[in-house]
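Chemist: My questions are about this predicted structure, shown below with the sequence.
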Amino acid sequence: MYDSLSSPERYADTVQRSARRSTCDDAIALVARHRKVPIRLLMHKSRSRLPTARARQLAMYLSHVVLGRSLKEVGEAFGRDRTTVSYACALVEDMRDDLRFDEEVCELERQLEAGLVAAYGSLSDAA
């Protein structure tokens, strides 16, 4: 009965999900700090209020665009479906028509990329 719970495949799947989550952690922490939203709210299963939802969508966008994670990987890291991530990315792209918001996103992208360079030496090594 319990043999399936400790199978190597299940363990590998758990490790992969944990690794995907950690790859998005930098974007999550950056957006949480910048938008002053607790990380637990960004990761919460509920839809949340608009400021929290927008912060979550921004973190998803940065995870996909800057960190290069697939929609599926980002969705798994946030406990959401890939279509939700796709929607979030499209929404953020549309919102970038506002120059003030675009400047904010550009700054967050620079900070995230700078963190990658500091951690890995170059962006090509990080991917």
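Modeler: Arrived safely, thanks for sending.
Chemist: In three-state terms, how would residue 69 be classified?
Modeler: Here residue 69 takes the coil state, with states given by DSSP: H, G, I helix; E, B strand; the rest coil.
Chemist: Can you give me the neighbour number for it?
Modeler: 21 (other CB atoms under 10 Å). Quick note: C-beta positions are derived from backbone N, CA and C, even for glycine.
Chemist: How about it: what's its closest non-neighbour residue?
Modeler: residue 63 (5.1 Å; CB to CB, 6 or more residues apart in numbering).
Chemist: Neighbours of the one you found, how many?
Modeler: 30.
Chemist: pretty sure it is in contact with residue 29, am I right?
Modeler: No: the criterion here is CB atoms under 8 Å, and residue 63 misses it with residue 29 at 11.4 Å.
Chemist: Output stretch 36-45 as CSV, restricted to C-alpha atoms.
Modeler: Output in CSV follows, covering the C-alpha atoms of stretch 36-45 (Å, rounded to 0.1, in the frame of the first residue of the first chain):
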residue,chain,number,x,y,z
LYS,A,36,5.0,45.3,-0.2
VAL,A,37,2.9,42.2,-0.5
PRO,A,38,3.7,39.2,1.8
ILE,A,39,5.0,36.2,-0.1
ARG,A,40,2.4,34.0,1.5
LEU,A,41,-0.3,36.1,-0.3
LEU,A,42,1.5,35.8,-3.6
MET,A,43,1.5,32.0,-3.3
HIS,A,44,-2.0,31.7,-1.8
LYS,A,45,-4.5,29.6,-3.6
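Chemist: What ranges does this structure have for its helices?
Modeler: 8-35, 39-42, 50-65, 71-78, 82-95, 99-120, 123-126 (DSSP state H).
Chemist: From residue 30, how far off is residue 75?
Modeler: Distance, residue 75 to residue 30, by CB to CB, to the nearest Å: 19 Å.
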